[in-house]
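> coordinates for the following, if possible.
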Amino acid sequence: MKQSEIIELTDNELLERLDNEKDYLARLRLNHAISPLDNPNKIVVARRNVARLTTEVNRRNKQTQTASE
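Numbering: from 1, shown residues only. Predicted structure coming up:
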């Protein structure tokens, strides 16, 4: 998922995507612990997507806090 796609999401869509990505990452890690994945780089990609989404959530929260002050 690209940063430009993430910026276009609404707040609710952003939080929903974040939850979905966290679940997906947890499933990947569990599956990899049981038996090796064909492509372990999927874990890296999922972790980076979670980080990108979390960063955008934090940025928006900071903007709303700054605007309300």
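> now residue 46, nearest residue through space, not along the chain?
Nearest non-adjacent residue to residue 46, counting by Cβ to Cβ, 6 or more residues apart in numbering: residue 25, 4.2 Å away. In this view, the C-beta of every residue, glycine as well, is placed from N, C-alpha and C.
> which residues touch the helix or strand containing the one you found?
In the assignment (DSSP states H and E), residue 25 maps to helix 11-34. In this structure, residues lying in contact with helix 11-34 by Cβ atoms under 8 Å, 6 or more residues apart in numbering are 1, 6, 9, 37, 40, 42-43, 46-47, 49-50, 53-54, 56-57, 60.
> just after that helix, pick out the following helix or strand.
Following helix 11-34 in sequence, per DSSP H and E, is helix 41-68.
> sorry, back to before: drop anything exposed from the contacts of helix 11-34.
Buried members of the contacts of helix 11-34, scored by 16 or more other Cβ atoms under 10 Å, are 6, 9, 43, 46, 49, 50, 53, 56, 57.
> got CSV for those, with pLDDT and distance to residue 32 too?
CSV is the format used below for the buried ones among the contacts of helix 11-34 (pLDDT from 0 to 100; distance: Cβ to Cβ, whole Å):
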residue, pLDDT, distance to residue 32
6, 93, 25
9, 93, 28
43, 97, 6
46, 97, 11
49, 97, 16
50, 97, 16
53, 97, 21
56, 96, 26
57, 96, 26
